[in-house]
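> Sequence and predicted structure are below.
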Amino acid sequence: MLRLEKRPTPSRAWAWGTPFLAVLLTMIAGGALFAALGKDPVAVVRTIFWDPLFGEFAFYLRGQLLVKAGPLTLIAVGLALGFRAGIWNIGAEGQYIIGAIVGASVGLAVYPTESRLVFPLMILAGGFGGWLWAMIPAILKTRFNTNEILVSLMLVYVAETILSKAATGFLRNPEGAGFPGSRNFSSYPAARNPELIAGTGMHWGVVAAFVVVIAAYVLLQRHLLGFQIRLAGQAPRAARFAGVSPNRLVIFCLGASGALAGFAGLFEVTGPAGQISIDFNSGYGFTAIIVAFLGRLNPVGILLAALLMALTYVGGEMAATNLGLPSAAIRVFQGMLLFFLLAVDLLSNYRVRLAGFGREAR
Amino acid sequence: MELFGITPSVLLASLMVAAVPILLAAIGELVVEKAGVLNLGVEGMMIMGAISGFITAVHTGSPALGFLGGALGAMALSLVFALLTQVFLANQVATGLALTLFGLGLSSLMGQGYNGIKPPRTPDLPFGPLEQIPFFGRVLFSHDWVVYASVAIVAAVWAVLKYSRAGLILRAVGESHDAAHALGYKVVRIRVLAILFGAAMAGMGGAYISLVRVPQWTDGITAGAGWIALAIVVFASWKPWRVLIGAWLFGGITVLQLNLQAAGSRIPVEYLSMSPYLVTILVLVIMSSGRGRASLNAPASLGQNFHASR
């Protein structure tokens, strides 16, 4: 029989090895799923993982990778701070929506002012919106001990309702002939989030994502607050004795992840999405949870994980148009990835020993 | 008698129907949590139940088999959760979230081609003359069998947890898995069984949404019902009868806001449709704060993994 033996400290080698193992296992299981759907598994896996990077249309698709990886990184880095401390913000989708709405509202309120200040102001407003939405679960958690998982998730549904109200009501384009959706930011230069280098997909949101990765890395490795976050997650009792205030951490972690999700929403609405529409949100807030775990809650790892997840998005769209793969299959694939990741995590925390072969006859 | 254009007896009757999905899912999750396992994948299991039940019912033509199919579909999904948390000792919060994300994707994949189909109707039980009683006939004797079954299941769970040996063992496992293990109880096996029971209930609840409440298949049909069920367990302080009260309260709010929308109330539709979620938050706040804190009632080993080192 196999027996598990807890390691005194998690294995460093496996900590880096498990994400790759999980991706490999997901490709195998995903291939089986695609085969079950009547597609050639090798062709599908190649379309998803190879073609966007090196295939015929790679020159266009590579840019799309950064477009998708930017918001995923921004949100996931914020979530990872909380996850490390045992604070579970799973309502990033809602904070993303509210950030986009608040930021867009500021821009649309001053339309058509042409000033350099408009876009920076909108970014601030977007972050503020996300922060504000995350403060609801944070304050309820610290004041009333309410479960932040349930509250932040409920607020996603509330945010979606507000979004549909915004698209059909208070932010609707007055010149849009009554159709839902706000003014398009691509025709409002002062508030636009343009592609900075043509063909790369690089926009201000991607720049912000890189900055945030570095900032979060420094915070976690070099700053006392980062140490406290890690301590609170690994040894809550020790953290309390060391004088770490749990409430301060809740406010900080939820606030930071909310603001980052709000930034992501603002960059998306002014850039790739272009406008507030009813179905503006595309589930980045939930996929970012997978990204955070795939990146092992480490900012640099998250950046790599976000690129990989972007690959499944871009490649999945390719597979949908070229091979007729249902788009839901990609969501299943992403879900599988998280399962395998959680399963193989066992290897970094435990040793698997063969037991019952005489040597340890207990 | 009418209030704001809504008849109270109709409101009460439809409240009982609207409460069934969250009632089933919540009573199942209560048993799971009583065994010390926090399964946040209720939403994923419900939607898997909704689609497997729908497919089964459409192909067999039998709603009863549909509910069975829903339960089995959700149980199959929950086996992944059981394997990961009980054998591979993965974090329960993360695994539960994964279950929800995966279930939403898989259900949408399975549901392709089932949009716009009507499932076979689940008939109301015939009560003969009882149905003619004014007010009570409409409220109590005008439902399908699942409504009565769900209340019976609450009673059964309450009785088993309170009076039976099996219930005592289940609670022991949830309060202190080390002590239960030392006494010779198979902690992992008991928890896996509890997870499967919770999944069966969530699956039936999901099937009720796609077979009776809506009744058709659309992506994301459960719309957060699984999360509300999780909140109801906290609201109920892990007590079966309070789950019933909680579910009826939320069923009442859902029905009331739908009726107000239909009656053309002056409150904007958006505020009405976000009300169930806002009320959930409000209730959580009330239950979590102050001296009567619900968390004091939580099983002591809730969410902790068990690894038999000895």
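Cool, got the structure.
> ok, the helix or strand that A:G94 is a member of near chain B or not?
Assigned by DSSP states H and E, A:G94 belongs to helix A:92-109. No: Helix A:92-109 stays clear of chain B (C-beta under 8 Å from any C-beta of the partner chain), getting no nearer than 10.2 Å. (Glycine included, C-beta is placed from N, CA and C.)
> Give me the mean pLDDT for stretch B:133-142.
Computed over stretch B:133-142, the mean pLDDT rounds to 77.
> Tell me the gap between the helix holding A:G94 and the middle of its chain.
17 Å (C-alpha atoms, centre = their mean, to the nearest Å).
> can you count the residues close to residue 26?
Assuming you mean chain A. 21 (other C-beta atoms under 10 Å in any protein chain shown).
> switch to chain B, that's the one I care about
34.
> For the strand or helix carrying it, name the packing helices and strands.
Assigned by DSSP H and E, B:A26 belongs to helix B:8-34. Other elements packing on helix B:8-34 under the criterion 3 or more C-beta pairs under 8 Å, 6 or more residues apart in numbering or on different chains; DSSP states H and E are helix B:42-60, helix B:136-140, helix B:145-163, helix B:165-175, helix B:187-208, helix B:225-235, helix B:240-262.
> buried stuff in that helix?
Judged by neighbour count using 16 or more other C-beta atoms under 10 Å in any protein chain shown, the buried positions of helix B:8-34 are B:9, B:12-34.
> before we move on, what about stretch A:112-120?
A:118-119.
> Which residues does it contact?
A:107, A:110, A:188-193, A:204, A:270 (C-beta atoms under 8 Å, 6 or more residues apart in numbering or on different chains).
> circling back: in CSV: the helices and strands packed on helix B:8-34, plus mean neighbour count and distance to chain A.
Shown next, in CSV, are these (neighbours: other C-beta atoms under 10 Å in any protein chain shown; distance: least, C-beta to the nearest C-beta, whole Å):
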stretch, mean neighbour count, distance to chain A
helix B:42-60, 29, 9
helix B:136-140, 17, 29
helix B:145-163, 17, 21
helix B:165-175, 18, 18
helix B:187-208, 27, 12
helix B:225-235, 27, 5
helix B:240-262, 20, 12
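> name the element residue 70 belongs to?
Reading this off chain A. Secondary structure (DSSP H and E) places A:G70 in helix A:58-84.
> other chain: chain B
Counting by DSSP H and E, B:G70 is found in helix B:63-82.
> which is the next helix or strand following that helix?
helix B:92-110.
> For that next one, C-alpha coordinates in PDB please.
Presented in PDB, the C-alpha positions along helix B:92-110 are these (Å, rounded to 0.1, in the frame of the first residue of the first chain):
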ATOM      1  CA  GLN B  92     -11.100  22.500   0.900                       C
ATOM      2  CA  VAL B  93     -11.900  26.100   0.000                       C
ATOM      3  CA  ALA B  94      -9.800  26.000  -3.200                       C
ATOM      4  CA  THR B  95     -11.200  22.600  -4.200                       C
ATOM      5  CA  GLY B  96     -14.700  23.700  -3.600                       C
ATOM      6  CA  LEU B  97     -14.200  26.700  -5.800                       C
ATOM      7  CA  ALA B  98     -12.600  24.500  -8.500                       C
ATOM      8  CA  LEU B  99     -15.700  22.200  -8.300                       C
ATOM      9  CA  THR B 100     -17.900  25.200  -9.000                       C
ATOM     10  CA  LEU B 101     -15.800  26.500 -11.900                       C
ATOM     11  CA  PHE B 102     -15.500  23.100 -13.400                       C
ATOM     12  CA  GLY B 103     -19.200  22.300 -12.900                       C
ATOM     13  CA  LEU B 104     -20.300  25.500 -14.600                       C
ATOM     14  CA  GLY B 105     -18.100  24.700 -17.600                       C
ATOM     15  CA  LEU B 106     -19.100  21.000 -17.800                       C
ATOM     16  CA  SER B 107     -22.800  21.700 -17.500                       C
ATOM     17  CA  SER B 108     -22.600  24.200 -20.300                       C
ATOM     18  CA  LEU B 109     -20.800  21.700 -22.500                       C
ATOM     19  CA  MET B 110     -23.300  18.900 -21.700                       C
END
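> Buried residues in the helix or strand just after the helix holding A:G94, which are they?
Counting by DSSP H and E, the element after helix A:92-109 in chain order, helix or strand, is helix A:118-144. Neighbour counts over helix A:118-144 (16+ other C-beta under 10 Å) mark A:118-119, A:121-142, A:144 as buried.
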